[in-house]
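Chemist: Sharing a sequence plus its predicted fold:
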Amino acid sequence: MKITNVPKRYIIVVLTFICTCVCYIERVGFSIAYTAAADAAGINQSSKGMILSTFYYGYACSQVPGGWAAQKIGGRTVLLLSFLLWSLTCAFVPLDPNRVTLMVLARLLVGVAQGFIFPSIHTVLAQWVPPHERSRSVSLTTSGMYFGAAVGTLLLPSLVKFRGPQSVFVAEASLGAMWSLLWFRYASDPPRSEHPKATAAGFGESMLPIKENHQKTKIENGVHSTRTTTANIPWKRIMLSLPIWAIVVNNFTFHYGLYVLMNWLPTYFELGLQHSLQEMGSSKMIPYLNMFLFSNIGGVIADHLITRRIMSVTRTRKLLNTVGFVVASIALMAIPLFRTPNGAVFCSSVALGFLAFARAGFAVNHMDVAPRYAGIVMGVSNTAGTLAGVIGVDLTGRLLEAAKAAQLDLTSPDSWRAVFVIPGSLCIFSSLVFLLLSTGDRIFD
């Protein structure tokens, strides 16, 4: 089948999946390559932590501007420019751990560039994807993050071993360049002719950026008429909207749990269970592959419930969000109870899998309540998610230091209980907030 015979929105969704996959290969790849280079250069742990965390500061700063830019310029263009920016940075910046200033500036730049990506993706998907396909489309797109993390974790250490740390940067820049060419060739804004019910459904040309004082001409009963539209973004209504805050709170909790497990689970295996990661082989990929699987399962279930009219959009979002966070909460709190690597892998896989499952609730809700401003709302909520990562990772380190100061052995479950109880408790709290405050109805025109 020729690619021209495939519906354009399917091509867009597949390209956004590849986009998130490549982005997470870059994130995992930098961590692997920089750690290898820094260890070889004798860089201390404090300096390594500073460089590794710099990305998130740039990433947090550009989320809301990314939503604004996508709204004003168009998500398709902003996505391409941001991808080119971080790819070029990877291509031309040498991986030298001793040049701290250069590394900090480079990671800030990559963080800022990638901060524009997810708000732009949500803007593009809101334009192209009809409401009954949004759950599985967003789930497939975001599952690229977990697939990319799994692929990077499996393949890039071998690339570092045989070709050196700098080769990871070259590989990432090459992937970025190839994706940019595909996006430039196949992505476009949606013409209304492909979506005759675009305005009623809340997608298509009606979701494209609107310029100030732009005159739109249409023919009604053979008569040309014009109307003036403005691009005033309702910032105050967005910030005061309770359904928006429900999304923000749940995004914060999702990323708190995700980043704590991503950053501290290896330490739990090494120090808490006294088990070397090198001995785990491919089993360390299982949590990320589980996220990839459950993210798509959640999307398919949500669209099935909505399309078959088994449940309303509101009830569907609340059901999947609640199931995901409640099961994840139980699994998170159970991690310290398992004193074997297999038990910890099982619990962390269940926790991350059902966190991803919950994205069919809160993460798609941006496009339910505000399809025209989906990128902006995504920027606001993703800022909270990024800050959750910074707070959660730092707080976990402090909790473990406090446990050591209290003369607790890190091999003891008591040293780790608070680490996993906090995100578990946040999951329960967030699910209640979403049950009480969220809606699947469109509240912003």
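Modeler: It's in. Numbers count the residues shown, from 1 in each chain.

Chemist: Count the residues that sit near the closest residue in space to Thr307 that isn't next to it in sequence.
Modeler: In this structure, Thr307 finds its nearest non-sequential neighbour in His132, 4.7 Å apart by CB to CB, 6 or more residues apart in numbering. Heads up, the C-betas are built off the backbone N, CA and C, glycines and all. When neighbours are counted by other CB atoms under 10 Å, His132 registers 15.

Chemist: cool, Ser412 as well?
Modeler: Residues contacting Ser412 under the criterion other CB under 10 Å number 12.

Chemist: try Ala41
Modeler: If you count neighbours by other CB under 10 Å, Ala41 ends up with 11.

Chemist: Pull the contacting residues for it.
Modeler: With contacts defined as CB atoms under 8 Å, 6 or more residues apart in numbering, Ala41 is in contact with Pro97, Asn98.

Chemist: Lowest average confidence across helices and strands of this protein, where is it?
Modeler: The helix or strand of the chain with the poorest confidence is strand 223-229; it has a mean of 34 (mean pLDDT, DSSP states H and E).

Chemist: I'd like to know how far the residue nearest to Thr307 sits from Gly375.
Modeler: Per CB to CB, to the nearest Å, His132 is found 21 Å from Gly375.

Chemist: Just want the most central residue of this protein.
Modeler: Nearest to the geometric centre of the chain sits Thr142, at 6.0 Å (CA atoms, centre = their mean).

Chemist: Could you pull up the residues touching that one?
Modeler: Thr142 touches Thr20, Ser295, Ala356, Arg359, Ala363, counting by CB under 8 Å, 6+ apart.

Chemist: out of those, who's nearest Leu240?
Modeler: Distance to Leu240 across the contacts of Thr142 (CB to CB) is lowest for Ala363, with 21.5 Å.

Chemist: TSV for the contacts of Thr142, including pLDDT and secondary structure?
Modeler: Formatted as TSV, the contacts of Thr142 follow (pLDDT from 0 to 100; DSSP: H, G, I helix; E, B strand; the rest coil):
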residue	pLDDT	secondary structure
Thr20	95	helix
Ser295	90	helix
Ala356	94	helix
Arg359	92	coil
Ala363	89	coil
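
Chemist: for the helix or strand containing Leu293, which positions count as buried?
Modeler: Using DSSP states H and E, the element containing Leu293 is helix 286-307. For helix 286-307, a neighbour-count test (16 or more other CB atoms under 10 Å) marks 286-299, 301-303, 305-306 as buried.

Chemist: Among the contacts of Thr142, name the buried ones.
Modeler: Neighbour counting by 16+ other CB under 10 Å classes Thr20, Ser295, Ala356, Arg359, Ala363 among those as buried.

Chemist: low pLDDT regions in the stretch 151-300 of the chain?
Modeler: In the predicted model, the stretch 151-300 of the chain carries pLDDT under 70 at residues 191-231, 276-281.

Chemist: Tell me where it has helices.
Modeler: Chain-ordered helices for the stretch 151-300 of the chain, with DSSP state H, counting those that start in this stretch as the definition, fall at 166-186, 198-201, 235-240, 242-267, 286-307.

Chemist: Nearest to Tyr146, out of those?
Modeler: With CB to CB, the closest approach to Tyr146 among the helices of the stretch 151-300 of the chain belongs to helix 286-307: 3.7 Å.

Chemist: Just the CA atoms of whichever helix or strand comes after that closest one, as CSV, please.
Modeler: Where DSSP H and E defines the elements, the next helix or strand beyond helix 286-307 is helix 313-334. Included here for helix 313-334 are C-alpha records, laid out as CSV according to Å, rounded to 0.1, in the frame of the first residue of the first chain:
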residue,chain,number,x,y,z
VAL,A,313,-16.3,10.8,27.9
THR,A,314,-16.4,12.2,31.4
ARG,A,315,-17.1,8.8,33.0
THR,A,316,-14.5,7.0,30.8
ARG,A,317,-11.7,9.5,31.7
LYS,A,318,-12.6,9.2,35.4
LEU,A,319,-12.8,5.4,35.3
LEU,A,320,-9.4,4.8,33.6
ASN,A,321,-7.7,7.5,35.6
THR,A,322,-8.9,6.0,38.9
VAL,A,323,-8.1,2.4,38.0
GLY,A,324,-4.6,3.4,36.9
PHE,A,325,-3.7,5.5,39.9
VAL,A,326,-5.2,3.2,42.5
VAL,A,327,-3.4,0.1,41.2
ALA,A,328,-0.2,2.0,40.8
SER,A,329,-0.5,3.3,44.4
ILE,A,330,-0.8,-0.3,45.7
ALA,A,331,2.2,-1.4,43.7
LEU,A,332,4.4,1.5,44.7
MET,A,333,3.8,1.0,48.4
ALA,A,334,4.5,-2.7,48.0
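
Chemist: Nice, that's everything, thank you.
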